[in-house]
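Trainee: what's the 3D shape of this:
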Amino acid sequence: TIVVDADDLLASGKTDEAIAKLNEFPADLRDQPAYKDVEKLLKKAEKIAPEQKRLAGVLAQAKGGDLEPLKKTVREILSEKYPFSGAAFLNLFREEARELLGEEQFLALKSEAEIADMGSVDYDDSEEAALGDGIDFEMEVEMRGTPERHAAFVGRKSEFEGNLRQAEQRLADRRNARLKELRVQAERAKKKAKNLKINGKACTLVDLTEKGFMIEVSGRRIEFGWGNAPAKLGHAVKSAAVDPQSADEAYELGMYALKRALFDEAVRDFQRAGKLGSQHKVPNIDELKLMVQLFRGQSDYRDGKQGESTVSWDMTQDAQKNDFTVLHQAMKLDLGGGKLAIQTPQNFLLTAANVQGAWDERATLEMKVGTTSPAPAVWFKTEAGQYLVHFGSQTQLFASAVGRGAAVASSGTKAGQGDTVSVSVTQSGDKATVSVSVGGSKCFEKTVPGEGEITFMVGCKGSGRVEIGPIKVSGQVSAKWARRTLASAPSRLARELTKFEAQLQSGNEQQMAMPTVLRGTSAEDQVALEGIPAEQVEALKNARVLFAQGNQFGALKKLEEASQNPLFHAANFTLAALRVKQDPAGSLIRLDRAVKGVQDFYEAKVARASALFWLSKYDECRKELDEALKLRPDYGPAYLVKANLQVHEGDYDTALQTLALSEELAPGDPFTLSTRGRVVALAEGPNWFTRKTATTGHYALSTDMVDYAEQFVKQLESIRRRYEEAFPLLMEGVADPGQASVLIFSEAEGYYQYSERTGVGRAENTLGHFNPWSGQLLLFLEEDPDDWNSFHVIFHEGMHQWCHAAGLELPFWANEGMAEYVGGTRLSEDGKSIQERGAIDSFLKKRLINLTSNWNERLDFFDIARQSPQEFYAGNAPLKYAQAWTMVHFFMESGHPGVKEKFISYLKAYKALESAEDKKSAQEGSKMQYIWNDTLGQLDAVETKKAWEKYVEKLAKRAKLNWRAP
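Mentor: Residues are numbered from 1 along each chain as shown. Model prediction:
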């Protein structure tokens with residue numbers, strides 16, 4: 001009866017209850033044959049349980065207003081390869097997902113995919129994302145090739161080597177010519193550069209190089225790169241250096257001015273280049289100017305303005321389209337007749353566009369109704385969630401983006417064509433009052449949860465075409481939104497100009513620059529394509545055409561269609577190569593097949609080397625790359641991978657030379673050009689007026705807080721010893737990773753801008769992060785460096801860098817808990833001694849307050865231990881950080897019998913993992929459940945949790961919190 005009851009529970013989706021029922025089987029009878037059926041069903045249930053819990057977390061996020069994880073998960077579970085497709089709980093998940101997303105969107109998600117910047121594909125492929133054990137994607141692959149084909153390829157070796165030598169010679173000739181030119185420019189600039197100023201102080205030009213220049217101010221010499229120098233100073237120095245009779249140099253000066261958002265200077269430079277006879281194509285400066293503005297509509301907002309501002313879009317200027325961003329690439333947005341038109345094909349739940357801007361405390365959106373079928377709608381969103389105001393047969397307010405469920409407020413008033421409707425949101429504390437009007441008459445007013453920035457969307461429910469406009473928004477513009485939008489404008493400008501330059505280099509200014517991996521492969525001859533259906537071959541060709549036309553979404557759909565056949569290696573290579581950075585492990589599966597499946601498939605070997613790089617398997621990457629270059633030494637993308645390896649090693653100058661060779665061999669490749677921009681930023685470093693570098697055996701630290709550089713690096717070196725002292729087993733058998741690069745910023749904006757220039761994004765809402773591509777640890781000190789609390793972020797992020805350098809992959813809770821634990825170390829000022837271990841600094845005190853204030857939300861140890869990073873961040877993430885920290889603190893410092901030994905055994909088991917699959921699964925604690933069972937799972941769960949709760953009470957007392965465990 002236990003098996004029958006448990007099976008019924010599983011069929012009802014009650015997996016945890018089924019496990020509990022099966023565990024009722026008497027322990028003393030488990031050696032009997034009857035237990036085999038129980039054990040079999042128990043294994044099945046235990047395999048299902050973590051996935052069911054993961055999906056429950058996704059639904060919880062969606063109900064809280066965050067639908068993106070749900071969309072991604074629906075794509076995953078609708079896949080034919082999804083390993084749990086027959087489980088009962090999945091039916092329940094599907095029904096709730098349909099309710100939250102709507103039937104049309106649910107169906108549309110089956111084919112929907114996401115595409116990242118620069119043509120990188122970022123979608124969820126069931127092969128690579130499959131969950132659960134026992135999923136084997138190995139398949140027999142027959143090599144497609146012939147002796148004649150191989151002989152013909154080998155016979156071209158001298159041709160390939162000659163191509164490489166010629167490219168290297170062209171680069172060397174240009175480099176030598178450039179060096180001569182630079183010497184002339186440097187002398188010219190020193191003579192002509194007058195009245196230079198920095199921060200209001202007069203300065204003198206000392207030297208000029210390819211990478212930048214040096215000035216002297218108040219007796220001190222400062223070096224700048226061309227990208228991190230103050231914009232006007234950099235342009236003034238360059239202007240003094242160029243040959244006044246050279247059209248090419250005047251044009252290059254104009255391009256530099258554009259990249260630094262100096263539009264007036266750029267216009268003058270391009271005009272001079274034209275007078276001198278330049279034939280170079282000039283970018284559309286008016287369009288570029290729009291990229292650095294907050295709004296393209298009429299606005300009375302000025303930087304830092306307090307009080308109400310108004311932004312109006314009359315929909316008469318095409319540039320105003322830039323202030324409305326459609327939700328999906330398949331949606332079309334047009335202006336005409338004073339109206340904004342948004343249109344989608346069938347099977348979309350929403351037809352909508354985000355309205356530019358974010359607002360604090362109060363905001364009102366007004367718009368004129370252009371069409372009524374489908375009925376127009378306005379959405380507003382705060383941190384509390386998203387609300388829909390639907391102007392249909394009634395005017396209704398829904399507490400969801402899709403309008404499911406009963407309206408929370410409604411009116412019989414109907415908006416007609418030509419009516420002006422308005423939605424006003426006024427915040428007070430954690431509440432927001434929503435007032436809705438049609439034609440000047442108030443429909444209703446409703447108070448709902450709502451705090452944080454207010455944003456708007458406009459459009460309609462479902463699919464179709466909706467016309468609206470003019471539109472006006474008034475309210476208090478969010479200063480934080482304005483700051484981050486303006487600060488990120490130069491990076492957007494640089495990306496746009498990189499695309500422009502790539503199009504020029506590719507020789508086709510009318511088409512999007514095509515990545516080399518999309519231009520064609522050696523695996524598309526008669527031998528390699530034998531047996532591949534013609535329609536799949538045609539799909540790959542069409543994907544290239546669509547990409548060149550700028551239709552990335554359509555291109556991806558065609559690539560998906562072509563790569564459905566696992567034996568169509570050219571298509572699978574192309575798809576994998578495009579998304580290798582986003583999903584290296586998944587791409588590696590396709591690339592392994594491609595390398596095995598086509599004779600001398602050098603392109604796939606290079607892409608495979610790239611996948612190994614992004615998996616941090618650097619030695620294997622080098623070996624694979626060397627083999628690929630032996631086959632085809634003149635293949636441009638190979639040198640992009642080589643440059644990435646050089647970046648990882650900190651050799652930025654050599655990486656730039658390698659990227660130049662990659663560009664020479666594969667002109668106009670957008671991946672190479674974008675990587676070059678990031679490497680230039682690394683080589684130039686942050687935009688610091690003052691800086692100091694301090695080094696030890698393990699760290700090379702640079703900071704603009706010059707008085708603290710030596711203290712910072714001493715503290716880092718000392719805390720490293722603390723890492724090794726606290727967790728010595730993690731370093732057993734690990735080679736010394738060498739010197740790590742650390743940058744510590746005194747100002748938030750400098751930290752954000754450098755993060756963005758080096759490819760991480762602005763990293764707002766963080767105080768530090770580690771960039772595994774560059775190997776740099778970036779930190780921003782919010783506290784006074786004289787306050788020991790400020791060292792928490794240094795020690796915390798340093799722990800992450802230390803683990804990465806050692807190649808360690810730990811469950812997410814342990815990774816963060818250990819980092820918080822060592823973050824609470826208090827060292828002497830000289831770093832030679834530990835003054836307090838496991839201290840509670842001001843940052844950790846806040847963690848403790850969060851945990852004790854939300855005590856009823858604490859998790860069982862096993863539940864938090866098996867959460868993936870996504871699950872960990874879902875819900876109250878600060879509480880989970882606090883619990884993870886206090887758990888590690890308890891294990892390491894409480895002295896409670898057995899807990900430290902079991903925790904060390906737990907870490908040791910993860911340290912012993914070797915395969916890439918196991919290391920990737922390490923962060924998904926549920927996939928390594930056996931480790932928990934063999935270590936911490938051996939402790940009495942109830943007694944250990946009670947002991948931890950009492951220990952948290954002791955920590956609260958140490959932190960002077962008046963709290964006792966209930």
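Trainee: Could I get the average pLDDT for the one helix or strand Leu365 maps to?
Mentor: Secondary structure from DSSP states H and E places Leu365 in strand 359-369. Per-residue pLDDT over strand 359-369 has a mean of 96.
Trainee: Can you give the contact residues for stretch 655-674?
Mentor: Identification of contacts with stretch 655-674 by CB atoms under 8 Å, 6 or more residues apart in numbering yields 118-120, 163-164, 167-168, 170-171, 495, 498-499, 501-507, 513-516, 634-640, 642-644, 646-647, 675-676, 679-680, 683. Backbone N, C-alpha and C define where each C-beta goes, glycine included.
Trainee: Try it again at 6 Å.
Mentor: Outside stretch 655-674, the residues that touch it by CB atoms under 6 Å, 6 or more residues apart in numbering are 118, 167, 171, 498, 502, 505-506, 513, 515-516, 634, 636, 639-640, 642-643, 646-647, 676, 679.
Trainee: Give me the buried positions along the strand or helix carrying Leu682.
Mentor: Element membership for Leu682, per DSSP H and E: helix 670-684. For helix 670-684, a neighbour-count test (16 or more other CB atoms under 10 Å) marks 670-684 as buried.
Trainee: Check the offset of that helix from the chain's centre.
Mentor: 17 Å (CA atoms, centre = their mean, to the nearest Å).
Trainee: likewise stretch 470-486?
Mentor: 24 Å.
Trainee: what's the answer for stretch 848-858, then?
Mentor: Distance of stretch 848-858 from the chain centroid (CA atoms, centre = their mean) equals 30 Å.
Trainee: can you pull the buried residues of that stretch?
Mentor: Buried residues in stretch 848-858, counted by 16+ other CB under 10 Å: Leu848, Ile849, Asn850, Leu851, Thr852, Arg858.
Trainee: Would you check which pair of those lies furthest apart?
Mentor: Distance extremes for the buried residues of stretch 848-858: the farthest pair is Ile849 and Arg858 at 13.9 Å, using CB to CB.
Trainee: quick check: mean pLDDT across the helix holding Leu682?
Mentor: What helix 670-684 shows for mean pLDDT is 91.
Trainee: Quick one: name whatever helix or strand follows that helix.
Mentor: Following helix 670-684 in sequence, per DSSP H and E, is strand 692-695.
Trainee: of the buried residues of stretch 848-858, the lowest pLDDT goes to which?
Mentor: Least confident by pLDDT among the buried residues of stretch 848-858: that is Asn850, with 82.
Trainee: got the contact list for it?
Mentor: Contacts for Asn850 (CB under 6 Å, 6+ apart) come out as Pro878, Leu879, Ala882.
Trainee: what's the angle from the longest strand along the chain to strand 359-369?
Mentor: Using DSSP state E to define each element, the chain has its longest strand at strand 464-477. Strand 464-477 and strand 359-369 are oriented at 140 degrees to each other (axes from the mean of the first three to the mean of the last three CA atoms, to 10 degrees).
Trainee: roughly how far apart are Met457 and Gly336?
Mentor: 21 Å (CB to CB, to the nearest Å).
Trainee: Which one's more surrounded, the two?
Mentor: Using other CB atoms under 10 Å, the more surrounded residue of Met457 and Gly336 is Met457, with 22 against 12.
Trainee: Identify the residue nearest that one in space, chain neighbours excluded?
Mentor: Leaving out its chain neighbours, the residue that sits closest to Met457 by CB to CB, 6 or more residues apart in numbering is Trp379, at 4.0 Å.
Trainee: what's the neighbour count on that neighbour?
Mentor: Quick note: Trp379 (other CB under 10 Å) scores 24 neighbours.
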